[in-house]
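Trainee: I would like the atomic coordinates for the input below:
(chains A and B)
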Amino acid sequence: NAGVTQTPKFQVLKTGQSMTLQCAQDMNHNSMYWYRQDPGMGLRLIYYSASEGTTDKGEVPNGYNVSRLNKREFSLRLESAAPSQTSVYFCASWGKPSGRGETQYFGPGTRLLVL
Amino acid sequence: GENVEQHPSTLSVQEGDSAVIKCTYSDSASNYFPWYKQELGKRPQLIIDIRSNVGEKKDQRIAVTLNKTAKHFSLHITETQPEDSAVYFCAAYLNTDKLIFGTGTRLQVFP
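Mentor: Take a look at the predicted model:
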C-alpha cells in the first residue's frame, strides 16, 4: 500500500514549456486534490475531483488543467509554464483509513522550477 | 468566501514549555478540523483532528479544542521537544468536499 504517489519529484522547465504532473492513489478514495505551496505560504487548492469523471476549480486554477483519468489517477497539466508557477505541488486524496475517520492524505510533492 | 485564519505565524518556545496555535473559521457549517505538521522538505502529515460533535480531543502531548459558537479551534502541545519544530497547519472541512487551510505557524523549540 503506497498511499499517494507523485511523479516527477523535481522538474525544471523553461517559460512556455508544457508538462503534466502525475498522481496516483491505491486507497480506493473517491476525492482527489491538487495544491500548490509557495515558500512561507500555506496550501492553496488548484483543482479537485470529488469523484471519477468530475473536476472542479479551487482557489487558484488559472494556468492549469486537470484530468481524472480513473479512480486512481488525477493529473495536473501546465500548458504554458510561467515563472509564477514555480512552486511545490502536492496531490492529496480523501478517504477513510482503517481504524480512523475520513481525512486527507498527501503525496510527497513535486518541486517545479520555471525559468 | 470561506477562509481560515491562523495565529501566530511564528512561535518560539523553550524545550519543555507549552505551545498554543489558534485558528478561526468563517463557515459555520464546517464540521471537521484537522491539524497537519510539515517538516522541512516533507509532505504535510495529519497529527490530530476533531469533529464538531466534540469539544476536545487529546493524543499524548497534543490536544485540540473546538468552540463552535465562536468558530475557534486551537492546537495545544505540552512538554515541547526539539523534534516538534515544524510548520503546523490547521484546516476546516467544507460541505463542498474541500479543506480550507490556514497559512501555517512555524514552531521552533529551543533546547
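Trainee: Can you give me every residue that contacts A:Arg77?
Mentor: A:18-21, A:64-67 (C-beta atoms under 8 Å, 6 or more residues apart in numbering or on different chains). All C-beta atoms are positioned from the backbone trio N, CA, C, and that covers glycine.
Trainee: out of the residues you listed, which one sits closest to A:Gln85?
Mentor: A:Gln85 lies nearest to A:Tyr64 out of those, by C-beta to C-beta, at 8.2 Å.
Trainee: From chain B, how far off is that closest one?
Mentor: 16 Å (C-beta to the nearest C-beta, to the nearest Å).
Trainee: Touching, that residue and A:Ser75? I think so.
Mentor: No - using C-beta atoms under 8 Å, A:Tyr64 makes no contact with A:Ser75, being 10.5 Å away.
Trainee: any common contacting residues for those two?
Mentor: Common neighbours of A:Tyr64 and A:Ser75 (C-beta under 8 Å, 6+ apart) do not exist.
Trainee: Next up, the contacts around residue 58.
Mentor: All of this refers to chain A. Applying C-beta under 8 Å, 6+ apart, we find A:Gly58 in contact with A:33-35, A:44-48, B:98.
Trainee: To clarify, I was referring to chain B.
Mentor: By C-beta under 8 Å, 6+ apart, the residues touching B:Lys58 are B:Val64.
Trainee: tell me which element it is part of?
Mentor: Assigned by DSSP states H and E, B:Lys58 belongs to strand B:56-59.
Trainee: That strand pairs with which strands?
Mentor: strand B:62-67 (antiparallel) (DSSP bridges).
Trainee: Near chain B, which residues of chain A are found?
Mentor: A:31, A:33, A:40-45, A:48, A:50, A:58, A:90, A:94, A:101-109 (C-beta under 8 Å from any C-beta of the partner chain).
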